[in-house]
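K.L.:
Dropping the sequence and predicted coords here.
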Amino acid sequence: MAVPQKRSGRTPRARAATAPASAPSVRPGAPKRRRSGAATPSGPSGPPAPGTDASGDTGTIPSVSSGLAAEPPQVLADYYRQMVLVRVFEQRAAEMYTRAKIGGYCHLNLGEEATVVGLMAALERTDYLFTTYREHGYALCRGIDPGRVMAELFGKATGVSGGWGGSMHLFDTDARLLGGYGIVGGQIPPATGAALAIAYRSDPGDEAEAVMCLMGDGTTNIGAFHESLNLAAIWNLPIVYVVVNNGLGMGTTVQAASGEPDLYRRGGAYRIPGVRVDGDDVIAVRDAARQALHSARAERQPMLVEAVSSRLRGHSVVDPARYRSPEDTERARRLDPVPTLRSHLIETGILDLAAVTKIEAEVEDVVTAAVTFADESPPPAVADLFAHAYATPVPNTPHRLPADALMVSEP
Ligand SMILES: Cc1ncc(C[n+]2csc(CCOP(=O)(O)OP(=O)(O)O)c2C)c(N)n1
Ligand SMILES: [Mg+2]
């Protein structure tokens, strides 16, 4: 397969087409160019510069956020509204699960709202998003109607995936949300492939498309993570891998599961620069993601962002999280980004109590309307049972499958 070549000024497609067939895409042992603007690694005599890898080898980048203080008030108010939307939507989803309106698996973003909103604020409409099963909030902040998201959780025909996907498989090509994956790490190869497609079809630049691929901390131990990062590095793909580090992969801590628990450094083996950011700070998350996306779209430099966050509840709605210590649970509550931003808005006079309460009441109404819409929507039609399946209906009918042309000889 012809692949994009390393560090070409030309587009990958043009370069691949003109490069001699025998030319290796990367000279073995050739030093890679360090990303411009990256923090300079310190020499052997001094400590590493802030944000750099201790070995000075991976080209990590410093945080660029100027913090909440420099942010226009209306932007902060909008982010607060979105965080409250995620919070209330997830609380209501948990309630609907206990009422048996939602079946199957259901994982919530409770506690991760600042990370969710910050990451989605960094994306352009033209960017592509691949995510995990813990993705309701991302779909909402990508602008998908809350009613369609809730209807998907209910398994209704009006749902964002037609009721076929459920909580873990939200998908919307208009919003460029390409899943929602229930298999841990399942999103990483297709996300990397989407970045490869972008690299083939278009030139790098400030307006170019890019891919954001989300995953949890536990996912960095999956083989596909390493294979994909390696390909992204040698092919110069416009992709940002984001690790949402909530400290736990189901009940297993990062320390117990990861040989390198500093997850922003896990791209180091592939010379992919990484940055760790406070996932409870919506502005810090947005700015780190924006900077990483800029490197991806303008320089075709794949990047890794680690957002350190906490989840307030169990792994899924049915997990009582008995493996967590009371101190850990208490810590997560203390760091809860929603009341933290609320207090900041009031204390700094950006919004008064009445304005904050109004936002919260409006969001409650939006979520109530979403639940009503989902509840009153019809289930998918039985006649459509096999509409999205590659297999033929049972009993088998002689209709042609996508791969048939490869298997049968045409007359
Ligand atoms: C390939 C695969 N292995 C195991 C599982 C079961 N499983 C579901 S979620 C999960 C933990 C993932 O943790 P993390 O990546 O940290 O994401 P988080 O749930 O914390 O958001 C596991 C092991 C799975 N779904 N797929
Ligand atoms: Mg996790």
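P.N.:
Done, it's in. Ligands and ions are numbered 1, 2, ... in the order given.

K.L.:
Not counting stretch 182-196 itself, show me its contacts.
P.N.:
Residues from elsewhere that reach stretch 182-196, judged by CB atoms under 8 Å, 6 or more residues apart in numbering: 3-4, 105, 128, 130-133, 168-169, 178-179, 181, 210-216, 218-219, 222-225, 227-228, 231-232, 235, 237-239, 241, 296, 302. C-beta here means a position set from N, CA and C on the backbone, and glycine is covered the same way.

K.L.:
Report whether it contacts ligand 1.
P.N.:
Yes. Using CB under 6 Å from any ligand atom, stretch 182-196 reaches ligand 1 at 182-184.

K.L.:
can you narrow the contacts of stretch 182-196 to ones near ligand 2?
P.N.:
Near ligand 2, judged by CB under 5 Å from the ion, the entries from those are residue 216.

K.L.:
In strands, which of the contacts of stretch 182-196 appear?
P.N.:
Counting by DSSP state E, the contacts of stretch 182-196 place 128, 130, 211-216, 239, 241 in strands.

K.L.:
tell me which of the residues of stretch 182-196 next to ligand 1 is nearest to residue 70?
P.N.:
Using CB to CB, residue 184 comes nearest to residue 70 of those, at 37.4 Å.

K.L.:
any idea which element the closest one lies in?
P.N.:
Under the criterion of DSSP states H and E, residue 184 resides outside all helices and strands.

K.L.:
mind checking how far it is from residue 71?
P.N.:
35 Å (CB to CB, to the nearest Å).

K.L.:
Pairing partners for whichever residue of the chain sits closest to ligand 2 in the sheet, please.
P.N.:
Nearest residue of the chain to ligand 2: residue 216, at 3.6 Å (CB to the ion). Applying DSSP bridges to residue 216 gives these bridge partners: residue 244.

K.L.:
That one reaches residue 250, doesn't it?
P.N.:
No. Counting by CB atoms under 8 Å, residue 250 is not a contact partner of residue 216; they are 9.5 Å apart.

K.L.:
which of the two has more neighbours?
P.N.:
When residue 216 and residue 250 are compared for neighbours, residue 216 comes out ahead with 24 against 14, by other CB atoms under 10 Å.

K.L.:
Give me the distance between the more buried one and ligand 1.
P.N.:
Here residue 216 is placed at a distance of 2 Å from ligand 1 (CB to the nearest ligand atom, to the nearest Å).

K.L.:
hmm, back to that, as TSV, the ones in strands among the contacts of stretch 182-196 with distance to residue 270 would be great.
P.N.:
Converted to TSV, the ones in strands among the contacts of stretch 182-196 look like this (distance: CB to CB, whole Å):
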residue	distance to residue 270
128	21
130	18
211	16
212	18
213	14
214	18
215	15
216	19
239	12
241	10
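
K.L.:
out of these, who has the most neighbours?
P.N.:
Neighbour counts for those (other CB under 10 Å) peak at residue 239, which has 35 neighbours.

K.L.:
Give me the distance between the residue sitting nearest the centre point of the chain and residue 139.
P.N.:
Nearest to the mean C-alpha position of the chain, by CA atoms, centre = their mean, lies residue 214 at 2.7 Å. Taking CB to CB as the measure, residue 214 falls 12 Å from residue 139.

K.L.:
Same check on residue 127?
P.N.:
Counting by CB to CB, the gap from residue 127 to residue 139 is 15 Å.

K.L.:
Between those two, tell me which one has more neighbours.
P.N.:
Neighbour tally, residue 127 and residue 139, criterion other CB under 10 Å: the higher count belongs to residue 139, 27 against 20.

K.L.:
Do I have it right that the more buried one meets residue 170?
P.N.:
Yes. Residue 139 lies in contact with residue 170 (CB under 8 Å); the separation is 4.7 Å.

K.L.:
Quick check: neighbours shared by those two?
P.N.:
Taking CB under 8 Å, 6+ apart as the contact rule, residue 139 and residue 170 both touch 149, 160, 177, 180.

K.L.:
Thanks a lot, catch you later.
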